[in-house]
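[1] Next input, structure requested:
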Amino acid sequence: MLSNKVKFALKLFIVLALLVVFAVVGLVLGYNYVIVQSNSIDNLKKSIESGEFEITEDTDGCVPIVIKIGDSTSDIAQTLYDNKLIDNTLIFSLLSKINGFDGAYLAGTHYLIPGLKYDELMYLLTLRPESVTITFQEGMTYEQIKAKLHENGLTFSDAEFDACMDSPNLFVDYEFVSQIKLTDGRDHVLAGYLFPDTYEFDINASAQSIINTFLRNTEVKLYDEYYERAKALGMSLDEVITLASLIQYESNSASEMMLISAVFHNRLNSDDESLHYLGSDASVNYLRQLNGLEPTLNLSQTDISSDSPYNTFNHPGLPPGPICMPGLDAIQAALYPEPNCNYYYFCATGDGNSVFAVTYDEHLANIEMYKDNWN
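    Residues are numbered from 1 along each chain as shown. This is a model prediction of the structure:
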């Protein structure tokens, strides 16, 4: 008969032996799993690099998966489950932690297909999301920018975009936004601040994130000295951007912009209040475009008599807000007009340039000389 001590020792030995066996088996299985997964991902990488494996929105069975900023791994697992790409959210979440993918998934739109293994899904969700690169030219209006975004595949809601553009409280971290004056009759508070440049967007980006992308760039472009110069001119930066939008609409020549800026500054600062009516064709053409009409140098009396506060023929001073997205040349021209310039008028020559005048009679003579070129 074995003593109790011997029986206990024997049981302890058996338990320890089993633990060692389980540990060894676990290590072997774990090692094999890591090797298999590593090989699987390596093969996937090679296939992607060689072009053999590619999923686009046109791929049969393609499922677009949108990861939102702030989504947790469990949120992503649920999205994959809802789209029938995985059958167990818990396993996906656990494997994400085990494999080091937890926290590495990138926000944006990813194209996937059914039948992918969990490790393949995990790897693909860490790759750069699908995006489009778009260039916006100086002088584009807000409506033109929205249209170009849609033309390039972005799926935002126009109503949501408009609402964000009229909600400066969403973007108070930007200094220039806090200085915008909410004047009566202003079209879209942030119009004028979607800086013309080249951008990269996720195709399913929200309206707010798209606007933030523009505004981050605008903040970089508006140097501290611009705020100081605007103050020295007795203007807010918002007034400068509004003036710059008129200048941008009137000309694409940097040197000519400075002369046009001088004309506007001279009129705004004149003791003759009649000169405060800037009479800018650009402001009226902006209204024409809002009504679906093409801009023209031959404005009709109906155009000029419009009662909109944006019509600088009928309303003195600057419009309530910018009419387009001005570039740096126009902004700098608004801040630094041509010095020692006594022009109060300018008109188009019909070939993309302008001619300037000191007196109204000179201006009328210029109009008579060039009006036949405006057709």
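[2] Do I have it right that Tyr360 meets Asn366?
    No: applying C-beta atoms under 8 Å, one finds Tyr360 not in contact with Asn366, separated by 10.5 Å. Glycine gets a C-beta too; all of them are placed from N, C-alpha and C.
[3] Which one of the two is surrounded by more residues?
    Under the neighbour definition other C-beta atoms under 10 Å, Tyr360 and Asn366 were set side by side, and Asn366 has more, 19 against 12.
[4] so the more buried one is in which element?
    Element membership for Asn366 (DSSP states H and E) is helix 360-370.
[5] name the helices or strands packed onto that helix?
    strand 345-348, strand 354-357 (3 or more C-beta pairs under 8 Å, 6 or more residues apart in numbering; DSSP states H and E).
[6] got the contact list for it?
    Tyr344, Tyr345, Phe346, Cys347, Ala348, Thr349, Gly350, Val355, Ala357 (C-beta atoms under 8 Å, 6 or more residues apart in numbering).
[7] which of those lies closest to Asp87?
    Of all the contacts of helix 360-370, Asp87 sits closest to Ala348, with 67.1 Å by C-beta to C-beta.
[8] I figured Ile65 hits Ala107, correct?
    No: using C-beta under 8 Å, Ile65 is not in contact with Ala107; the gap is 11.1 Å.
[9] which of the two has more neighbours?
    Set side by side, Ile65 and Ala107 show more neighbours around Ile65, with 21 against 16, by other C-beta under 10 Å.
[10] How is the more buried one assigned, secondary-structure-wise?
    Put simply, Ile65 is strand when judged by DSSP: H, G, I helix; E, B strand; the rest coil.
[11] how about the helices and strands packed on helix 360-370 in CSV, adding mean neighbour count?
    What follows is the helices and strands packed on helix 360-370, written out as CSV (neighbours: other C-beta atoms under 10 Å):
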stretch, mean neighbour count
strand 345-348, 21
strand 354-357, 19
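[12] Among those strands, which comes closest to Tyr111?
    Across those, closest to Tyr111 is strand 345-348 (C-beta to C-beta), at 48.7 Å.
[13] if we can go back for a sec, roughly how far is the helix holding Asn366 from the heart of the chain?
    Relative to its parent chain, helix 360-370 has a centroid offset of 43 Å by C-alpha atoms, centre = their mean, to the nearest Å.
[14] and what of stretch 219-226?
    18 Å.
[15] Burial check on the closest residue to Asp158 other than its chain neighbours, number of neighbours?
    Leaving aside its chain neighbours, Asp158 sits nearest to Lys146 (6.4 Å; criterion: C-beta to C-beta, 6 or more residues apart in numbering). For Lys146, the count of nearby residues is 20 (other C-beta under 10 Å).
[16] Go ahead and report the secondary structure state at Lys146.
    helix.
[17] Then His110?
    Going by three-state DSSP: His110 is strand.
[18] can you tell me which residues contact it?
    Contacts of His110 (C-beta under 8 Å, 6+ apart): Pro64, Ile65, Val66, Ile67, Leu124, Leu125, Leu127, Pro129, Glu130.
[19] and with 6 Å instead?
    By C-beta atoms under 6 Å, 6 or more residues apart in numbering, His110 lies in contact with Ile65, Leu125, Pro129.
[20] one step back: which members of the contacts of helix 360-370 are the farthest-apart pair?
    Tyr344 and Gly350 (21.2 Å).
[21] residues touching Ile86, list them.
    Leu80, Phe92.
[22] can you check the one 10 residues further on too?
    Contacts for Ser96 (C-beta under 6 Å, 6+ apart) come out as Thr73, Asp102.
[23] Test my guess that Thr73 contacts Leu95.
    No: Thr73 is not in contact with Leu95 according to C-beta atoms under 6 Å; the separation is 9.8 Å.
[24] For Asn298, report the pLDDT, please.
    What the model reports as pLDDT for Asn298 is 87.
[25] do the same with Gln37
    On the pLDDT scale, Gln37 gets 55.
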